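Undergrad: Predicted coordinates and the sequence they were generated for:
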Amino acid sequence: MSSAVEQVTPREITTEPRRSDRVFRGIVTAGGFSSLLILGLITAFLGYRGFEVILEEGFGFITNSDWSITTDEAGNVVESNFGLAAMLVGTILCAFIAVIIAVPISVFSALFLNFYAPNWLKRILIAIIDLMAAFPSILFGIWGFLVLMPSVEYWAKLINKYLGFIPLFEVKPYFVTRSPFVAGVVLAIMIIPIITSVSREVFAQAPLDRIQAAYALGATRWAMIKAVVIPHGRSGVIGGAMLGLGRAMGETVAVFTVLNIVFQVNWHVLLGAGGNVASLIILKFGDASPYEIKALMAAGLVLFVMTLGVNALADFIVKRTGKSGR
Amino acid sequence: MTTIPTPRKPWAATPKDRVRDLAILIGALVFTYYFVEITPMNGKLAYFSIFFLVYATFSGTYQGIKRGSAAAKDAIVNSIVVVGAVATLIPIGSILATVISKGYKGISFNLFTTDMSMATPTDPLTNGGILHAISGTLIMVLIALIISVPLGILTALYMTEIKGRFMRPIKFLVQAMSGVPSVVAGLFILSAILYPITKSFSGFMGALALSILMIPTIARTSEEVLLLIPSDLREAGVALGGTQWRTVAMIVLPAARSGLITAMILGVARIAGETAPLLLLTGGGDKVNGNPFSGPFGSLPYYIWKSFNSGSEEAITRAWAGLLVLIVIILILFISARSLSSRKVKR
C-alpha cells in the first residue's frame, strides 16, 4: 500500500467568465442586435427591390407627381411614370395638420393630469388614454369615416366661409369631402394619446423644489406652470410632437379610409384631394404589375427613411431634456 | 379634557366659494344658451366652444376684480386646461359608444361558430361568422409571440444585464424600430421572403410582419420591468456563487415574471388590430384555415376591412361587430396587463 497523498489541485480562482456565461452573453448580445439586423434588412431589401425604379426615375421619383404605368398585352412595360411628389406633400400636410391640432390639446390635458386633476381621476384618465393609444388604426379609420367626417366637413365649410381669403383655406373647385383636413383631424385624434403621455412624463419630472418655491413666492398655479414646468418640459413636448409626427406620417389604414387620393400636388388643406405614401401602397398594391410593385417598394423605402429620420430627431430631443436636468 | 384642534386648510374651498363657482357655472350655461339662440350659430360645436369662452370670461373677470390680474389669468388657464382634457376624452367616448351601439346588432351565436366560406359580407347577418377571423388572428398572434418574445426579452436583457458597449445605439434602434410604419414592415416581408422564397400569401408571412412590430414594444416594456428588479437580488445571486447565466435565469427573470407577461400582453394588444401588413401578406381567406403556411389566411382586421369596403348596410354592421370583438379583446388584454403590473414585483 503506497501512502501516496492524493494530489489535490487547488480550485483556480479567475475573473474569466465561465463557458456557460460566455454562451449566455453571446446569445443575449446576438439577440440585442436583432433590431439592428431587422432595420438593416428592411433598408437593404426595400432598396434592392426598388433600386431599378429609383435609378430609372432618378430625382423625378421625388419631384414628379404622376403615377402611371402602361403595359402591352404580354405584360411588358411600355411606359411608366412614377413620382411621389403629391404623396409626399400630402403625407407631410396631413401629418402637420395632425400635429398642429394635437399638440395644444395634448399639452393642456397633460397639464390637467399632472397639476389639476385629483389623484383618483388622474389614475382613471391615464388608463383611458393609454387604452386609446392601443386602439387599432382601422378602428380610427372606420369611426372617422362614418362618424367624424360629417362634422369635420361642416367645420371645414365654416373655416372656408370665414377664413377662405387665406390661400391655405381656399377651396377651388368647391369640394370639401375627404380632404387632408379630415385626415389630419383623424390623425390628430390618433396621436393625442402619444403626445399626452410623453408630455405628462416630462412635466412630472419638473423639479419639485422649484414648484414649491414658486408656490411659496405666492405664484398662482398658472404662474408656477409658466415659470417652472414649461421651461423644463419644452423640448420634451417638442420631442413628443415629433414622435406623433412620425406616427402620423406612417399611418396607413386610417388615412386611406378618409382621404381622397389624387395624384396632384395640393397645398389647400380643405380641398378634397390629398395623398399619403402609405395609403398609395395599399391603393396600388392590389392590381400592381411586378414592375409597379418595385416602385411601391421604393416608395416604402422613402417612407421608411422619412419616419426613421423624424423618430431619430424626436429621440434626440427627448433625450436631451432628460440629461439637461434643469 | 383636551380637544384636538381640526387643522385649518386655508387653501380649501369654503362653502361661499363653492356657491360662487356654481353661480358662475350656471350663469355661463344660461348665457351660452341664449347667446347661441339669438345669434345664427347652431350645433354642438357652437354650444361647446361658446360655453367655455363664456365660462373662462366670467370666472376670469370675477377673479380679476376680486384678486387681480394674476388670478384672472390663472382662472382662464384653468378652464382652457379642462377644455384640453375634455377634447382628449370626447373622441374615445364617441368611439366606444359608436362601436358598442352599432356593433351589438351584429353579435349573434352563429358569429362565433361559423366562417364566411358560404356567405358574402352583404348577406343577411344570420349567415356566416368570424370563426375564421378569430382563429386566424389567434394563430398569427401566437406565431408572432413565439418569434418576438425571445428577441424582445434578449434585447431587454442586453440593455439591463450586460450593459455592453452598444447599449446606447441599440436603445436608439429599438426606439426607431417602434416607429417603423406597419405598411413598411409588410413590404419588407413581401420583398425579402414572400416574393423570392414562398411566392404565395400565407398566415406565416403576416405573423412575421407582426413580430417586427411587436419586438420593440416587448423590448421596451421588458427593459423597464427588468430595471425595477433591485440589484441586491443580482448581487445576492452572484455572491452565492451563481454564474451570471444562472443568476439571470433563476433569479432575475422569475422575479420579473409578471412584468414580462405584461410586456407580452401589451405587445399582443399592439398587433391584434394591425391591418396594413395583413392586407399585403395574408390574402385574407374566408374559411377556417388551421395551416398558417399555405392558403389564404383570414384575420379579424382583414375581415373588418373587407366588410367595410363591401359597403352595404349588412356589411357595415359586420364591420362594426368585428370591431366590437376586436375592442373587447384589446380591452381584456389591457385590463389583464394593468392588473398584473399593478401587483408588486414578487421576490
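TA: Yep, that arrived.

Undergrad: Give the closest residue to residue 247 in space, chain neighbours not counted.
TA: Here I'm looking at chain A. With Cβ to Cβ, 6 or more residues apart in numbering or on different chains as the criterion, A:Arg247 has its nearest non-adjacent residue at 5.5 Å, and that residue is A:Ile191. Where you see a C-beta, it was placed from the backbone N, CA and C, and this is true even at glycine.

Undergrad: nope, chain B please
TA: B:Gly237 (3.5 Å).

Undergrad: before we move on, which element is that neighbour in?
TA: helix B:231-239 (DSSP states H and E).

Undergrad: what's that helix packed up against?
TA: With contacts taken as 3 or more Cβ pairs under 8 Å, 6 or more residues apart in numbering or on different chains; DSSP states H and E, helix B:231-239 sits against helix B:244-247.

Undergrad: May I have the helix it packs on exported as PDB, CA atoms only?
TA: Provided in PDB are the C-alpha atoms of helix B:244-247 (Å, rounded to 0.1, in the frame of the first residue of the first chain):
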ATOM      1  CA  GLN B 244     -24.400  35.400 -14.500                       C
ATOM      2  CA  TRP B 245     -26.400  33.000 -16.600                       C
ATOM      3  CA  ARG B 246     -27.800  31.200 -13.500                       C
ATOM      4  CA  THR B 247     -28.500  34.500 -11.700                       C
END
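
Undergrad: Downstream of it, the next helix or strand is which one?
TA: Next along from helix B:244-247, by DSSP H and E: helix B:253-255.

Undergrad: following that following helix, which helix or strand comes up?
TA: Helix B:253-255 is succeeded, C-terminally, by helix B:257-272 (DSSP H and E).

Undergrad: which parts of that following helix are buried?
TA: Neighbour counts over helix B:257-272 (16 or more other Cβ atoms under 10 Å in any protein chain shown) mark B:258-260, B:262-272 as buried.

Undergrad: now the helices for the stretch 51-200 of chain A?
TA: A:60-63, A:85-111, A:119-133, A:137-143, A:149-163, A:180-204 (DSSP state H, counting those that start in this stretch).

Undergrad: Any chance of those helices in TSV with distance to A:Val253 as columns?
TA: Below are the helices of the stretch 51-200 of chain A laid out as TSV (distance: least, Cβ to Cβ, whole Å):
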stretch	distance to A:Val253
helix A:60-63	24
helix A:85-111	14
helix A:119-133	16
helix A:137-143	5
helix A:149-163	15
helix A:180-204	11
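
Undergrad: Mind putting these into a markdown table with mean pLDDT?
TA: Shown next, in a markdown table, are these (pLDDT from 0 to 100):
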| stretch | mean pLDDT |
| --- | --- |
| helix A:60-63 | 81 |
| helix A:85-111 | 92 |
| helix A:119-133 | 90 |
| helix A:137-143 | 92 |
| helix A:149-163 | 85 |
| helix A:180-204 | 92 |
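
Undergrad: okay if I get the ones you listed as TSV plus mean neighbour count and distance to A:Gly50?
TA: Below are those laid out as TSV (neighbours: other Cβ atoms under 10 Å in any protein chain shown; distance: least, Cβ to Cβ, whole Å):
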stretch	mean neighbour count	distance to A:Gly50
helix A:60-63	16	9
helix A:85-111	24	15
helix A:119-133	15	32
helix A:137-143	26	24
helix A:149-163	16	34
helix A:180-204	26	25
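
Undergrad: sorry, back to before: wait, what's in contact with the residue nearest to A:Arg247?
TA: A:Ile191 makes contact with A:Ala98, A:Val99, A:Ala102, A:Gly244, A:Leu245, A:Arg247, A:Ala248, according to Cβ atoms under 8 Å, 6 or more residues apart in numbering or on different chains.

Undergrad: Against B:Ile80, how distant is the nearest residue to A:Ile97 once chain neighbours are set aside?
TA: In space, and not counting its chain neighbours, A:Ile97 is closest to A:Gly184: 2.7 Å by Cβ to Cβ, 6+ apart. Relative to B:Ile80, A:Gly184 is positioned 22 Å away (criterion: Cβ to Cβ, to the nearest Å).

Undergrad: Residue 20: neighbour count?
TA: You didn't say which chain, so I picked chain A. 13 (other Cβ atoms under 10 Å in any protein chain shown).

Undergrad: looking at chain B here, not the other one
TA: Using other Cβ under 10 Å, B:Arg20 has 15 neighbouring residues.

Undergrad: so it touches B:Tyr62, yeah?
TA: Yes. At 7.3 Å, B:Arg20 counts as touching B:Tyr62 under the criterion of Cβ atoms under 8 Å.

Undergrad: Now for the spatially most central residue of chain A: which residues touch it?
TA: With distances taken as Cα atoms, centre = their mean, A:Arg247 lies nearest the centre of chain A, 1.5 Å away. Residues near A:Arg247 by Cβ under 8 Å, 6+ apart: A:Met190, A:Ile191, A:Ile194, B:Gly179.

Undergrad: please redo it, this time with the cut-off set to 7 Å
TA: A:Ile191, A:Ile194, B:Gly179 (Cβ atoms under 7 Å, 6 or more residues apart in numbering or on different chains).

Undergrad: closest to A:Gln7 among those residues?
TA: Nearest to A:Gln7 among the contacts of A:Arg247 is B:Gly179, at 62.6 Å by Cβ to Cβ.

Undergrad: Now do the closest one against chain A, distance only.
TA: To chain A, B:Gly179 is 4 Å away according to Cβ to the nearest Cβ, to the nearest Å.

Undergrad: Please apply the same query to B:Gly311.
TA: Taking Cβ to the nearest Cβ, one finds B:Gly311 at 11 Å from chain A.

Undergrad: burial of residue 71, as a residue count?
TA: Picked chain A for this. A:Thr71: 14 neighbours (other Cβ under 10 Å).

Undergrad: please go with chain B instead
TA: Here the number of neighbours of B:Ala71 (other Cβ under 10 Å) works out to 19.

Undergrad: Do I have it right that it meets B:Gln63?
TA: Yes. Counting by Cβ atoms under 7 Å, B:Ala71 touches B:Gln63, with 4.2 Å between them.

Undergrad: Flag every residue of the stretch 201-347 of chain B that's near chain A.
TA: B:212, B:215, B:243-245, B:269-270, B:272-276, B:279-280, B:301, B:304-305, B:308, B:319, B:323, B:326-327, B:330, B:334, B:338 (Cβ under 7 Å from any Cβ of the partner chain).

Undergrad: one more time with 8 Å, if that's ok
TA: Selection of the stretch 201-347 of chain B residues close to chain A by Cβ under 8 Å from any Cβ of the partner chain yields B:212, B:215-216, B:219, B:243-246, B:248, B:266, B:269-270, B:272-276, B:279-280, B:301, B:304-305, B:308, B:316, B:319-320, B:323, B:326-327, B:330-331, B:334, B:338.

Undergrad: Can you tell me which of the residues you listed are buried?
TA: Here, 16+ other Cβ under 10 Å leaves B:212, B:215-216, B:219, B:243-246, B:248, B:266, B:269-270, B:272-276, B:279-280, B:301, B:304-305, B:308, B:316, B:319-320, B:323, B:326-327, B:330, B:334 buried among those.

Undergrad: In the chain, which helix is the longest?
TA: Because you didn't say which chain, this covers chain A. Ordering each helix of chain A by length in residues (DSSP state H) puts helix A:290-324 first.

Undergrad: try chain B instead
TA: Per DSSP H, chain B has its longest helix at helix B:69-103.

Undergrad: tell me which residues of it are tucked away?
TA: B:71-79, B:81-89, B:91-92, B:95-96, B:98-99, B:102-103.

Undergrad: Chain A next: which of those are close?
TA: B:71, B:73-74, B:77-78, B:81-85, B:87-89, B:91-92, B:95, B:98-99.

Undergrad: residue ranges with poor pLDDT in the chain?
TA: All of this is about chain A. A:1-5, A:74-75, A:321-326 (pLDDT under 70).

Undergrad: hmm, I had chain B in mind actually
TA: Chain B contains residues with pLDDT under 70 at B:1, B:40-43, B:342-347.

Undergrad: how about a cut-off of 80?
TA: B:1-3, B:7-13, B:36-47, B:117-128, B:164, B:285, B:341-347 (pLDDT under 80).

Undergrad: now the helices for it?
TA: B:15-38, B:44-67, B:69-103, B:131-157, B:167-178, B:182-189, B:203-228, B:231-239, B:244-247, B:253-255, B:257-272, B:276-281, B:300-310, B:313-342.
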